[in-house]
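# Starting from these lines, generate the structure:
(one chain, ligands or ions: 2)
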Amino acid sequence: MTMTTEIILETQNIRKQFGALIAVDDVSIKVRKNSLHAIIGPNGAGKTTFFNLLSGNLEPTSGKVIYKGRDITHQPVHRTIHFGIGRSFQITNIFPNLTVFENIRLASQALGSDNFKFWQASSHFKKYEERTWHVIETVGLKERAQTLARTLPHGDQRKLELGMILAPDPEVLLLDEPTAGMASEQVPELIALIQGIQKQGNKTVMLVEHNMNVVMSVSDAITVMHQGMVLAEGTPAEIAANKEVQTAYLGGLYELNV
Ligand SMILES: Nc1ncnc2c1ncn2[C@@H]1O[C@H](COP(=O)(O)OP(=O)(O)OP(=O)(O)O)[C@@H](O)[C@H]1O
Ligand SMILES: [Mg+2]
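Ligands and ions are numbered 1, 2, ... in the order given. Modelled structure (predicted):
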């Protein structure tokens with residue numbers, strides 16, 4: 001077990017208003033290094049907006065984001081990627097007319113571009129190529145490397161997307177509904193892949209996921225959001241037993257099978 005009590009990512013009263021709507025309402029959470037931390041809550045609870053605040057895709061109205069002890073609140077997304085925060089989007093974000101290899105190579109180059117010098121081009125090329133093959137193998141797409149992304153089955157597209165997040169070797173992965181739209185029989189494979197990356201790769205994973213069986217079985221910690229606020233947080237067993245959560249969100253439908 002590599003999980004520690006060290007906090008890698010923290011928010012302090014982070015808030016995002018869209019006009020009169022408070023999408024994220026003074027949320028304070030602490031994410032332990034090397035943990036799998038799920039964010040759950042009904043549609044419109046503010047989960048995606050919260051991820052956008054962590055990744056720098058959105059500027060908060062107020063509050064702070066602290067990453068490895070450093071205030072990154074006002075850093076834009078191209079900076080947070082450099083710091084080691086990688087994120088996915090709820091909607092598939094791949095280049096359909098490029099191959100699997102080209103998609104991942106582009107993503108792996110995202111980190112190097114700031115320091116790019118033309119006289120280093122050939123060593124960079126080799127480095128990115130090696131990195132690309134490593135990532136392709138990690139996500140299990142070696143046989144598909146030369147396949148155009150748009151012709152991949154949906155499940156493989158989600159693996160490709162995961163590979164694109166992994167390519168710059170982030171320490172924290174923000175995964176927004178990575179299993180969305182997948183056939184239910186394909187879900188366990190992708191989840192096992194995510195868990196493998198988290199555990200073997202010593203990554204911290206934050207996961208937005210609607211499938212309660214998945215959330216309850218893989219999470220080290222769960223934060224429940226409701227109407228922009230944190231309704232509850234705890235281990236899967238604590239969340240499943242929480243009466244407020246059951247009433248507001250789970251509707252008594254989920255029963256913990258332990
Ligand atoms: N750019 C925006 N402008 C205005 N309102 C927004 C914007 N983005 C999100 N919202 C609103 O903020 C609230 C939270 O939305 P968000 O997408 O964060 O919820 P979510 O928990 O991710 O929901 P879902 O489970 O459906 O993905 C919703 O009421 C949404 O309509
Ligand atoms: Mg969302």
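
# hey, let's count contacts and neighbours off CA atoms from now on
Noted.

# So which bits of the longest helix along the chain are buried?
Counting residues, the longest helix in the chain under DSSP state H turns out to be helix 121-138. In terms of neighbour count (16 or more other C-alpha atoms under 10 Å), helix 121-138 has its buried residues at His124, Tyr128, Glu129, Arg131, Thr132, Trp133, Val135, Ile136, Thr138.

# quick one: contacts for the third one?
Taking C-alpha atoms under 8 Å, 6 or more residues apart in numbering as the criterion, Glu129 is in contact with Arg105.

# Now with 10 Å, please.
Phe101, Glu102, Ile104, Arg105, Ser108, Gln109, Ser123, Val135 (C-alpha atoms under 10 Å, 6 or more residues apart in numbering).

# try Ile81
Counted by C-alpha under 10 Å, 6+ apart, Ile81 has contacts Ser55, Gly56, Gln75, Arg87, Ala110, Leu111, Ile165, Pro168, Asp169, Pro170, Glu171, Val172.

# go on, Gly56?
Neighbour list for Gly56: Val65, Ile72, Thr73, His74, Gln75, Pro76, Val77, His78, Arg79, Thr80, Ile81, Ile85 [criterion: C-alpha under 10 Å, 6+ apart].

# Which residue is the nearest non-sequential neighbour of the third one?
Okay, so that is Thr73. Spatial nearest neighbour of Thr73, excluding adjacent residues (C-alpha to C-alpha, 6 or more residues apart in numbering): Val65 at 4.7 Å.

# So what's the residue count around that neighbour?
25 (other C-alpha atoms under 10 Å).

# For ligand 1, give me its nearest residue in the stretch 151-258 of the chain.
Here the stretch 151-258 of the chain gets closest to ligand 1 at one residue, Gly228, 6.9 Å apart by C-alpha to the nearest ligand atom.

# Could you measure from that residue over to Gly41?
For Gly228, the distance to Gly41 (C-alpha to C-alpha, to the nearest Å) stands at 9 Å.

# Now the common contact residues for the two.
The contact lists of Gly228 and Gly41 share Lys47, where a contact means C-alpha under 10 Å, 6+ apart.

# from the contacts of Ile81, which ones fall inside helices?
Filtering those for helices - DSSP H - leaves Ser55, Ile165.

# The residue of the stretch 151-258 of the chain closest to ligand 1 against Phe18, yeah?
No. With contact defined as C-alpha atoms under 10 Å, Gly228 does not reach Phe18; the gap is 11.8 Å.

# overlap in contacts of those two?
Counting by C-alpha under 10 Å, 6+ apart, the residues touching both Gly228 and Phe18 are Val24.

# Which of the two has more residues huddled nearby?
Gly228 (24 against 9).

# In the beta-sheet assignment, what are the partners of the residue nearest to the spatial centre of the chain?
The centroid of the chain falls nearest to Leu174 when counting by C-alpha atoms, centre = their mean (1.8 Å). Taking DSSP bridges as the rule, Leu174 bridges to Arg87, Met206.

# any idea how far Leu98 is from it?
Distance from Leu174 to Leu98, by C-alpha to C-alpha: 24 Å.

# Pull out the buried residues from stretch 13-21.
The neighbour-count check on stretch 13-21 (16+ other C-alpha under 10 Å) flags Ile14, Arg15, Lys16 as buried.

# With stretch 148-158 instead?
Those would be Leu148, Ala149, Leu152, His154, Gly155, Asp156, Gln157, Arg158, for stretch 148-158 by 16+ other C-alpha under 10 Å.

# now the host helix or strand of Ile81: mean pLDDT?
Assigned by DSSP states H and E, Ile81 falls within helix 77-83. Average pLDDT, helix 77-83: 87.

# helix, strand or coil for the residue nearest to Thr73?
Taking DSSP: H, G, I helix; E, B strand; the rest coil as the rule, one finds Val65 in the strand state.

# Surely it and Ile72 touch.
Yes. Between Val65 and Ile72 there is a contact at 5.6 Å, judged by C-alpha under 10 Å.
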